[in-house]
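Visitor: Generate a structure from the sequence data that follows.
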Amino acid sequence: MADEVSADSVTLNLLLNARVTVRSSPLGVINTPMIPWSQTTLPPNNARNIHIKLENMQRTGSFKIRGVANQFARRPNGGHFVTMSAGNYGKAFAYASKHYGSKGKVVMPETAPVSRSVLIQSYGLDVERVPTSCLMDVVKRCVQEDNMTFLHSYDDLDLIAGHASLGLEVLEVVPEPDVVVVCCGGGGLLAGVAAAVKLSGCKKTRIYGVEPEGACTMFKSFIEKRPVDMDTHSIASGLAPPFAGMLPYELCQRYVEGIVLVSDDDIKAAVSTLYKAGLVVEPSGSAAYAAIASNKIPKLEGKDVVCILSGGNLGKDELGNFPD
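Guide: Next up, the predicted model:
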């Protein structure tokens, strides 16, 4: 898909149409709440006004269902699909597959929590766990030998357009944010949100992506001026794909102010702090908050800021990884 389109393919009209598709999807995508930081028990911040987008409350527990809803709406029911995912996309993919009567396989990195593999299998899909560096090799084998159709978990036009619905929802509450902070793995969510915000006319909004230090493919892509791959390692497994997507890279180059990095310790502290405030957020979903809390985003004082908590799929087998 990515080699057939470019950033010019992503227009406001495309994103608005995708929002209609996502909102009317039989998968039950919801308009998640936005709450002021000041109305939580989170530690105070010097930004004038921070809104937190609670995508951890989304159907299937993360933003991924948005892109999946748009992908499946444009493909025939009962297909035979394969994808690669560390968990959240796989869960949404499995949920949609069951609804549409499709068969499928999720190829997962060995580092992903086992609880996520079990959950995906409960929807009737196959799961194959492999080293991160082998993900695409296994996907290609499934396409060539088993005649399966590959649905990309972040480098796909329909997916990115679906994710953009989140950005459009943000603007319904905060029409002209000064800063928007979004996690970044392969870049699908960041690209969709950034395109939605910028194409809606918010030219002065600064949009930042947040990556783990050990899985900074988009950060390195910005430096090298091309999508790069790397051997990724992070507690935030959902933000650690082996390479940045081509279409997400092009869109992020056009619309994103910059990529900032957070450590695994920053992420662990963020998960713990959010949990104490009554917000169940997984490591990948807490990256944007971690960047704000650890002062990695420049010039927030006196600004209107949006922080996206992108997912809340935190299994019992993961809770012991975080400080009390």
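Visitor: The longest helix along the chain: what's the following helix or strand?
Guide: Of all the elements of type helix in the chain, the one with the most residues (DSSP state H) is helix 157-173. Downstream of helix 157-173, the first helix or strand assigned by DSSP states H and E is strand 179-183.
Visitor: Mind checking the pLDDT average for that next one?
Guide: Mean per-residue pLDDT for strand 179-183: 98.
Visitor: Given it, what are its sheet partners and their directions?
Guide: strand 206-212 (parallel), strand 304-309 (parallel) (DSSP bridges).
Visitor: how far is the longest one from where the chain is centred?
Guide: On the basis of CA atoms, centre = their mean, to the nearest Å, strand 206-212 is displaced by 12 Å from the centre of the chain it belongs to.
Visitor: picking up where we left off before, pull out the buried residues from the longest helix of the chain.
Guide: 157-171 (16 or more other CB atoms under 10 Å). For glycine as for every other residue, the C-beta is placed from the backbone atoms N, C-alpha and C.
Visitor: Next, count neighbours for the nearest residue to residue 167 once chain neighbours are set aside.
Guide: Distances taken as CB to CB, 6 or more residues apart in numbering put residue 196 closest to residue 167, at 3.0 Å, once the chain neighbours are dropped. For residue 196, the count of nearby residues is 29 (other CB atoms under 10 Å).
Visitor: hang on, residue 196 packs against residue 177?
Guide: No: between residue 196 and residue 177 there is no contact under CB atoms under 8 Å: 11.7 Å.
Visitor: Give me the common contacts of these two.
Guide: 170-171 (CB atoms under 8 Å, 6 or more residues apart in numbering).
Visitor: ok, which stretches of this structure are helices?
Guide: According to DSSP H, the helices that the chain contains are 12-23, 64-73, 88-100, 114-122, 135-146, 157-173, 188-199, 217-224, 246-255, 264-276, 287-293.
Visitor: mind putting the ones you listed in JSON lines, distance to residue 42 included?
Guide: Below are the helices of the chain laid out as JSON lines (distance: least, CB to CB, whole Å):
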{"stretch": "helix 12-23", "distance to residue 42": "29"}
{"stretch": "helix 64-73", "distance to residue 42": "25"}
{"stretch": "helix 88-100", "distance to residue 42": "23"}
{"stretch": "helix 114-122", "distance to residue 42": "27"}
{"stretch": "helix 135-146", "distance to residue 42": "35"}
{"stretch": "helix 157-173", "distance to residue 42": "18"}
{"stretch": "helix 188-199", "distance to residue 42": "21"}
{"stretch": "helix 217-224", "distance to residue 42": "26"}
{"stretch": "helix 246-255", "distance to residue 42": "27"}
{"stretch": "helix 264-276", "distance to residue 42": "7"}
{"stretch": "helix 287-293", "distance to residue 42": "8"}
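Visitor: weakest of the ones you listed in terms of mean pLDDT?
Guide: Minimum mean pLDDT among the helices of the chain: helix 114-122, a mean of 89.
Visitor: chain center to that helix: distance?
Guide: For helix 114-122, the distance to the chain centre is 19 Å (CA atoms, centre = their mean).
Visitor: for that helix, which positions count as buried?
Guide: In helix 114-122, the ones that count as buried by 16+ other CB under 10 Å are 116-117, 119-120.
Visitor: How about stretch 136-146?
Guide: 136, 138-139, 142.
Visitor: now, which of those sits nearest residue 80?
Guide: residue 142 (9.2 Å; CB to CB).
Visitor: and that closest one, how far is that from residue 117?
Guide: 17 Å (CB to CB, to the nearest Å).
Visitor: Likewise for residue 212?
Guide: 21 Å.
Visitor: for residue 10, same thing?
Guide: 33 Å.
Visitor: Verify the contact between residue 79 and residue 93 for me.
Guide: No: between residue 79 and residue 93 there is no contact under CB under 8 Å: 11.7 Å.
Visitor: Would you mind telling me which of those two has more residues around it?
Guide: Neighbour comparison, residue 79 and residue 93: the larger count goes to residue 93, with 31 against 16 (by other CB under 10 Å).
Visitor: OK, contacts around the spatially most central residue of the chain?
Guide: Residue closest to the average C-alpha location in the chain (CA atoms, centre = their mean): residue 189, at 4.5 Å. Residues in contact with residue 189 (CB under 8 Å, 6+ apart) are 63, 154, 163, 166, 182-183, 308, 310.
Visitor: Residue 63 too?
Guide: 55, 88, 163, 166, 189, 308, 310-311.
Visitor: Of the residues you listed, which is the nearest to residue 37?
Guide: Out of the contacts of residue 63, the member with the shortest distance to residue 37 (by CB to CB) is residue 308, at 12.6 Å.
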